[in-house]
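*Asks:* structure, please.
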Amino acid sequence: MRIIQLTEETKKNILEDLLKRSPNQYDSYQDTVNEILADVKKNGDKAVFSYTEKFDHVTIDAESLYVTEDEIKEAYAKVDADLIDVMKRSLANIQAYHKKQVRESWFTTREDGVILGQRITPLSSVGVYVPGGKAAYPSSVLMNIVPATVAGVERIVMVTPPGIDGKVTPATLVAANLAGATEICKVGGAQAIAALAYGTESIPKVDKIAGPGNIFVALAKKTVYGHVSIDSVAGPSEIMVLADETANPRYVAADLLSQAEHDELASAILVTTSSELAKRVSEQVEDFASRLSRSEIINHSLNNYGYILLADSMEEAIDIVNEVASEHLEILTANPFDTMTRVKNAGAIFLGEYSSEPLGDYFAGPNHVLPTNGTAKFFSPLSVDDFIKKSSVISYSREALEEIHEDIIRFAKAEHLTAHANSIAVRFGKEVIDEKSS
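*Replies:* Residues are numbered from 1 along each chain as shown. Sure thing, here's the model as predicted:
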């Protein structure tokens, strides 16, 4: 891996380089996505089935669109029993963590008859997109569905492209069943997003769409936002390791590569105050990369977006950490908990040498659906909060309103909204009508 001295100029160049990976750079595909969305919106099932045949080379219809109970049973028979047990244990951890996020409605009352509060209710229906083909990630199925089930969502529709045999990957099906999907549709791509957003004859519209996908899926989600809510527009995976001279270079190298293997656009960055650690990590990365099964993808990723940054001080190192706002941040310093107190921006933070990033991907419990491309500055990991909505509750007695009604009238008149003022005034035998001159 290239070792670069961290300066204001190199920091600027790296940040600009990383932004090239953003889904906001996918505009060249927008026309194609718009065409698919418009077709599905107009023609419903017919368009969905046509695109499935065109892109996935599978013929489906209303009868074969949904996964059946027999197909789920068949999937359980095909998945290794030990893997199913692992998924169950992972599921239990994810559920336990997300149950801590559940919020309760609340109300407060006053002696003058005022009741204020917030009512929390789950969304009625959500769609969860799951990539298909060779990219089968049952862990992501669990991570996307569990927060919705914990929130109390009644209808959870998982959409995923079918394989050439017209079936869904067995491990994906098992994970979906374990997590609590109520429906599973054999459709993927932008056409699946359109079906969830607009509704078709066979796929009723949902309230929100979550889950990762390719460029076309990401753009489709971005485009239908407003018709439905979405979780985020996910970009390529990324990891940043913040380390000092106490870090184990073998661990650091292994952790960097755990994300570099995702795809050629993945980013892996070490920022350290130790030139010796930088050198040893670079050597260890080369050794690992030459022997790992996805070495070609790893090398492309590191050549494009892999860096070892040498900082003059920990303060300077933490500054670049907060600027990059990485999806995954590992802190491998002498006192990682103290270092963490100075970190403001990261999707998920892993502390200490035995808290490597894959722990979060698969088993610890916190969600691995995280903000990417610097959006950790203002977005959070997927959570139960993504599958609820909040309603404000207001109830005033006559006595409580009477005490403040002149204040409200004055405020409304200052904004020339006389109907607002009149709405309050009529309750006390007054009128605010002739305000055209004000």
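*Asks:* okay, buried residues for stretch 203-219 please.
*Replies:* Across stretch 203-219, burial judged by 16 or more other C-beta atoms under 10 Å covers 203, 206-214, 216-219. For the C-beta atoms, the positions are set from N, CA and C on the backbone; glycine is no exception.
*Asks:* from those residues, which is closest to Thr7?
*Replies:* Nearest to Thr7 among the buried residues of stretch 203-219 is Ala218, at 33.2 Å by C-beta to C-beta.
*Asks:* quick one: mean pLDDT for the longest helix anywhere in the chain?
*Replies:* Assignment by DSSP state H gives helix 81-99 as the longest helix of the chain. Averaging pLDDT along helix 81-99 gives 97.
*Asks:* do stretch 189-199 as well
*Replies:* For stretch 189-199, the mean per-residue pLDDT is 97.
*Asks:* can you offset everything so residue one is 26?
*Replies:* Renumbered: residue one is now 26, and that last one reads stretch 214-224.
*Asks:* list of residues touching that stretch?
*Replies:* 57-58, 61-62, 64-66, 69, 72-73, 76-77, 80-81, 152, 154, 182, 184-186, 210, 212, 228, 230-231, 234, 238-239, 241-242, 244-246, 249, 252-253 (C-beta atoms under 8 Å, 6 or more residues apart in numbering).
*Asks:* repeat that for 6 Å
*Replies:* Here stretch 214-224 makes contact (C-beta atoms under 6 Å, 6 or more residues apart in numbering) with 58, 61-62, 65-66, 73, 76, 80, 152, 184, 228, 230-231, 234, 241, 245-246, 249, 252-253.
*Asks:* list the beta-bridge partners for the residue lying closest to Tyr330 once chain neighbours are set aside.
*Replies:* Residue nearest to Tyr330 in three dimensions, not counting chain neighbours: Ser292, with 4.0 Å by C-beta to C-beta, 6 or more residues apart in numbering. On the basis of DSSP bridges, Ser292 is bridged to Glu263.
*Asks:* so, low pLDDT: which residues of the stretch 76-225 of the chain?
*Replies:* Counting by pLDDT under 70, the stretch 76-225 of the chain contains low-confidence ranges at 158-160.
*Asks:* quick one: the strands in the protein?
*Replies:* In the chain, the strands defined using DSSP state E lie at 28-30, 131-134, 140-147, 150-154, 180-184, 208-210, 233-235, 254-255, 263-268, 292-297, 331-335, 353-357, 373-376, 413-420.
*Asks:* neighbouring strands for the fourth one, and are they parallel or not?
*Replies:* Pointing back at strand 150-154 there. strand 180-184 (parallel), strand 233-235 (parallel).
*Asks:* Phe453: which of those is closest?
*Replies:* Evaluated with C-beta to C-beta, the strands paired with strand 150-154 place strand 233-235 nearest to Phe453, the distance being 42.8 Å.
*Asks:* can you list the buried residues in the longest helix of the chain?
*Replies:* The neighbour-count check on helix 106-124 (16+ other C-beta under 10 Å) flags 109, 112, 115-116, 118-120, 122-123 as buried.
*Asks:* list just the nearest of those to Phe388.
*Replies:* Phe388 lies nearest to Ser115 out of the buried residues of helix 106-124, by C-beta to C-beta, at 5.1 Å.
*Asks:* middle-most residue in the protein, spatially?
*Replies:* Central residue of the chain (C-alpha atoms, centre = their mean): Val394, 4.3 Å from the mean position.
*Asks:* please name the nearest non-neighbouring residue to it.
*Replies:* Of all residues not flanking Val394 in the chain, Leu407 sits nearest, at 3.7 Å (C-beta to C-beta, 6+ apart).
*Asks:* in ChimeraX, select just the buried ones from the contacts of stretch 214-224.
*Replies:* Selecting only the buried entries of these in ChimeraX, with 16+ other C-beta under 10 Å as the criterion:
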select :58,61,62,65,66,73,76,152,184,228,231,234,241,245,246,249,252,253
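*Asks:* which ones among the contacts of stretch 214-224 lie within helices?
*Replies:* 58, 61-62, 65-66, 73, 76, 80, 241, 245-246, 249.
*Asks:* redo the residues you listed as CSV? Include distance to Ala87.
*Replies:* Shown next, in CSV, are the ones in helices among the contacts of stretch 214-224 (distance: C-beta to C-beta, whole Å):
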residue, distance to Ala87
Val58, 24
Ile61, 19
Leu62, 21
Val65, 15
Lys66, 18
Val73, 10
Tyr76, 15
Phe80, 19
Phe241, 24
Ala245, 22
Lys246, 25
Val249, 22
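*Asks:* which of these sits closest to Ala314?
*Replies:* Taking the ones in helices among the contacts of stretch 214-224 together and measuring to Ala314 by C-beta to C-beta, the closest member is Phe241, at 30.1 Å.
*Asks:* ok, the closest one to Val249 distance?
*Replies:* Relative to Val249, Phe241 is positioned 12 Å away (C-beta to C-beta, to the nearest Å).
*Asks:* and for Arg114?
*Replies:* Distance, Arg114 to Val249, using C-beta to C-beta: 36 Å.
*Asks:* show me what the longest helix of the chain is packed against.
*Replies:* The criterion is 3 or more C-beta pairs under 6 Å, 6 or more residues apart in numbering; DSSP states H and E, and the helices and strands that helix 106-124 contacts are helix 163-176, helix 195-204.
*Asks:* list just the nearest of the buried residues of helix 106-124 to Phe362.
*Replies:* Tyr122 (19.4 Å).
*Asks:* contacting residues around that closest one?
*Replies:* 390-391.
*Asks:* same check on Arg46?
*Replies:* Contacts of Arg46 (C-beta under 6 Å, 6+ apart): 260-261, 290.
*Asks:* redo that, cut-off 7 Å
*Replies:* Shown in contact with Arg46 (C-beta atoms under 7 Å, 6 or more residues apart in numbering): 260-261, 290, 292, 330, 398.
*Asks:* what of Arg128?
*Replies:* The contact partners of Arg128, taken as C-beta under 7 Å, 6+ apart, are Ile145.
*Asks:* do that again at 8 Å, thanks
*Replies:* So Arg128 contacts 145, 409-410, 413 (C-beta under 8 Å, 6+ apart).
*Asks:* mind putting those residues into JSON lines with distance to Glu99 and neighbour count?
*Replies:* Output for these, formatted as JSON lines (distance: C-beta to C-beta, whole Å; neighbours: other C-beta atoms under 10 Å):
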{"residue": "Ile145", "distance to Glu99": "39", "neighbour count": "18"}
{"residue": "Val409", "distance to Glu99": "32", "neighbour count": "24"}
{"residue": "Asp410", "distance to Glu99": "36", "neighbour count": "16"}
{"residue": "Ile413", "distance to Glu99": "35", "neighbour count": "20"}
